[in-house]
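> pasting a predicted model and its sequence here:
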Amino acid sequence: MHDTDYDAFLRCLQFIYTGGANIPDADAAIELISEANKLQLERLKAQCEDIISKSLSLETVAYVYQVACHSAAFQLKGLGTPSALCPPLYPQTPHTQY
């Protein structure tokens, strides 16, 4: 696998053999999510999505959305929308039917 990050691949192997992986931070999770997607390790991908989503900010949202699209990370794609990052300006009130 010539296009594989060495550390990410080792973490995938660790996950395959032990059921867990040491993911120290969001940067490692971003590298790992692509490998997890290639190897169809959905639980590992979900762990990466969780770690990445906790570090999401306005500065990183565009890059994270790009990674999510490339890795088919649907949880992250939903976080990349403006409504996920910013609360609504006006509270939502139910509409009455006439």
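Perfect, I can see it now.
> can you give me the helices for this protein?
6-18, 26-38, 42-54, 61-71, 74-79, 82-85 (DSSP state H).
> want to throw these into TSV with mean pLDDT and mean neighbour count?
The way it works is simple: take the backbone N, C-alpha and C, and place the C-beta from them, glycine included. Below are the helices of the chain laid out as TSV (pLDDT from 0 to 100; neighbours: other C-beta atoms under 10 Å):
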stretch	mean pLDDT	mean neighbour count
helix 6-18	94	15
helix 26-38	92	21
helix 42-54	92	19
helix 61-71	81	16
helix 74-79	67	17
helix 82-85	49	10
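> ok, Gln75 to Gln14 distance?
Counting by C-beta to C-beta, to the nearest Å, the gap from Gln75 to Gln14 is 22 Å.
> same thing with Glu59?
From Glu59 to Gln14 the distance is 30 Å (C-beta to C-beta).
> equivalent analysis for Glu49, please.
18 Å.
> and if you look at Glu42?
For Glu42, the distance to Gln14 - C-beta to C-beta - is 16 Å.
> next: Ile51.
15 Å.
> surely Leu39 is in contact with Arg11?
No - judged on C-beta atoms under 8 Å, Leu39 makes no contact with Arg11 at a distance of 10.9 Å.
> how about the contacts made by the residue nearest the centre of the chain?
Nearest residue to the geometric centre of the chain (C-alpha atoms, centre = their mean): Glu49, 2.8 Å. When contacts are counted by C-beta atoms under 8 Å, 6 or more residues apart in numbering, Glu49 touches Ala29, Ile33, Ala68, Ala73, Gln75, Leu76.
> pipe these into TSV and attach distance to Asp5 per row.
Converted to TSV, those look like this (distance: C-beta to C-beta, whole Å):
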residue	distance to Asp5
Ala29	12
Ile33	11
Ala68	18
Ala73	17
Gln75	22
Leu76	18
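> for Val67, see how far away Leu76 is.
Counting by C-beta to C-beta - Leu76 and Val67 are separated by 7 Å.
> pull up the overlap in contacts between these two.
Ile52.
> hang on, Val30 packs against Ser53?
Not Val; residue 30 is Ile. No - taking contacts as C-beta under 8 Å, Ile30 lies outside contact range of Ser53: 11.5 Å.
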